[in-house]
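K.L.:
Sequence and predicted structure below; questions after.
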There are 2 protein chains.
Amino acid sequence: MQNSFTEENYLKIIHSLSGREGTEVSTNALAESTSTRAASVTDMLRKLAEKGLIHYKKYQGVRLTDSGEKVAIQVIRKHRLWEVFLVEKLGFGWDEVHDIAEELEHIPSEILVEKLDRFLGHPKFDPHGDPIPDAKGNLTEPDYTILTDVHIGEKVLMMGVLDHAPSFLQHLDRSGITLGAVIEVKEINEYDKSASVQINGGPTLFISLEVSKNLLVQRR
Amino acid sequence: MQNSFTEENYLKIIHSLSGREGTEVSTNALAESTSTRAASVTDMLRKLAEKGLIHYKKYQGVRLTDSGEKVAIQVIRKHRLWEVFLVEKLGFGWDEVHDIAEELEHIPSEILVEKLDRFLGHPKFDPHGDPIPDAKGNLTEPDYTILTDVHIGEKVLMMGVLDHAPSFLQHLDRSGITLGAVIEVKEINEYDKSASVQINGGPTLFISLEVSKNLLVQRR
DNA sequence: ATATATTTTTAGATAAGTCTAAATTTTTTA
DNA sequence: TAAAAAATTTAGACTTATCTAAAAATATAT
């Protein structure tokens, strides 16, 4: 009763697309995210439904069952723990680890995950600021604020990113915007909503709305 | 031009079955080792031959090409590095790591392997005493002696095992026979070739011929 | 509310890796 | 060295995850 690599990926993607409210996910959205065609998704959904991992009624979209949710969360736990390993222990950049973790997350072995977790010191967040579920699947979603919601004059702590694209992360690296950096919003351009921000009390730089939208920060 | 999980396993097994001399491996031997049927092996051999990874003539057995050899050795390198990681860093026993390493060895990423190797301090041997090929595939086969070839009175160093079966390794653990242990052969029973050995100058115990045959030691 | 557009599902096909049963080749033995 | 045994390959089929094209269901728009 093992789930395949592919099945685990579907569950993980359904989880992330259905959000915290557990809303229905459409066939087309899944086709997009899995880089397959809608017909292939339908086939897989029938299979996952038979295994009791999703609620699925034809034409009605799909939702994870409790059992499917559990699997998805364990895959996410593994993904994020491996990312911590790759960055903290092996010295990868945060822009380089996604694809490798995508493979490692499917290595089956409960004990492996638990030992890895202990080895890493039970980290609560991955290198992108995403929270790591514990062994029971409990996950405390931190109350991050998106930088666009921060007012002029506020000083906030850089805690995570919404976009994980390597090019975006490399851009942040070049700007000195790393996890833990202090960001003070100095100015906001009315016209294009671009912002002037000071990093760690040092250099001031301009960031576009596109960037602001993807920065998760914490008020102090 | 990626090789699949399955292809890599065939290459690895052909490598180990053809030994240092690179002798031909039979279809049946491969069926046995891969837990498949001879017919399936034939199919795969045709495929590997088309990719230029093996020399294959119908009914004549199979040998790795230089290119196939290279792939096999990289898989072995990855397997053994991951085993070191699992034992040294995560605290697994040497009897527990084979199956997990069997999965990890197929994670594709040159950089990952090189960073892992550096993180582990470029180990030369895995937890069973098997040599780890370097990035170029060079492997210095150490000149181990099998314990059955050691004479009464000799003191040798425990350096490795031929059998990797968990039950065998657990048996060694219970006897205190770990890598690096000093073994002095005290007596050899003429009748069944069982031996009396002293471990680290401490307790003396009896080991069967079956055990002796699987212990690799080094004369000092 | 009906026609049109969009989304989703079904039907039938493909590739990878496996299988069984039958045919063929090689090896062994008498 | 011919017959029997063993090993190997071929033929045809199955499963998983995918595809395209066509059909069916749902949603949108006038």
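P.N.:
That came in fine, so what should we check first? Nothing here was measured: the structure is a model prediction, and the numbers come from that model. Numbering: from 1, shown residues only, chains lettered A, B, ... in the order given.

K.L.:
Help me confirm that residue A:55 is found in a helix?
P.N.:
No: Residue A:55 is assigned strand when assessed by DSSP: H, G, I helix; E, B strand; the rest coil, not a helix.

K.L.:
Spatially, and excluding backbone neighbours, which residue is closest to it.
P.N.:
residue A:63 (4.6 Å; Cβ to Cβ, 6 or more residues apart in numbering or on different chains). C-beta: built from backbone N, CA, C; applies to glycine.

K.L.:
Doesn't that neighbour belong to a strand?
P.N.:
Yes: when three-state DSSP is applied, residue A:63 is found to be in a strand.

K.L.:
Which pLDDT value belongs to it?
P.N.:
Note on residue A:63: pLDDT of 96.

K.L.:
Return the residues of chain A in contact with DNA strand D.
P.N.:
A:4-7, A:34-37, A:39-40, A:43-44, A:47, A:59 (Cβ under 7 Å from any atom of the strand).

K.L.:
Pick the one among these closest to residue A:188.
P.N.:
The closest of the residues of chain A next to DNA strand D to residue A:188 turns out to be residue A:35 (Cβ to Cβ; 37.2 Å).

K.L.:
Wait, the residue nearest to residue A:55 touches residue A:22, no?
P.N.:
Yes: using Cβ atoms under 8 Å, residue A:63 is in contact with residue A:22, at 6.0 Å.

K.L.:
how many neighbours does the residue nearest to residue A:55 have?
P.N.:
Per other Cβ atoms under 10 Å in any protein chain shown, the neighbour tally for residue A:63 reads 17.

K.L.:
Distance of it relative to residue A:141?
P.N.:
19 Å (Cβ to Cβ, to the nearest Å).

K.L.:
Can you give me every residue that contacts the spatially most central residue of chain A?
P.N.:
Closest to where the C-alpha atoms of chain A average out (Cα atoms, centre = their mean) is residue A:130, at 5.5 Å. By Cβ atoms under 8 Å, 6 or more residues apart in numbering or on different chains, residue A:130 lies in contact with A:80, A:160.

K.L.:
got a pLDDT number for it?
P.N.:
97.

K.L.:
What of residue A:19?
P.N.:
pLDDT at residue A:19 comes out at 85.

K.L.:
quick one, what contacts it?
P.N.:
No contacts exist for residue A:19 under Cβ under 8 Å, 6+ apart.

K.L.:
Quick check: phi and psi on it?
P.N.:
phi 70, psi -170 (degrees, to the nearest 10).

K.L.:
Other residues contacting stretch A:159-167?
P.N.:
In contact with stretch A:159-167 (Cβ under 8 Å, 6+ apart) are residues A:95-96, A:98, A:125, A:128-130, A:142, A:144, A:146, A:168-169, A:172, A:179-180, A:213-218.
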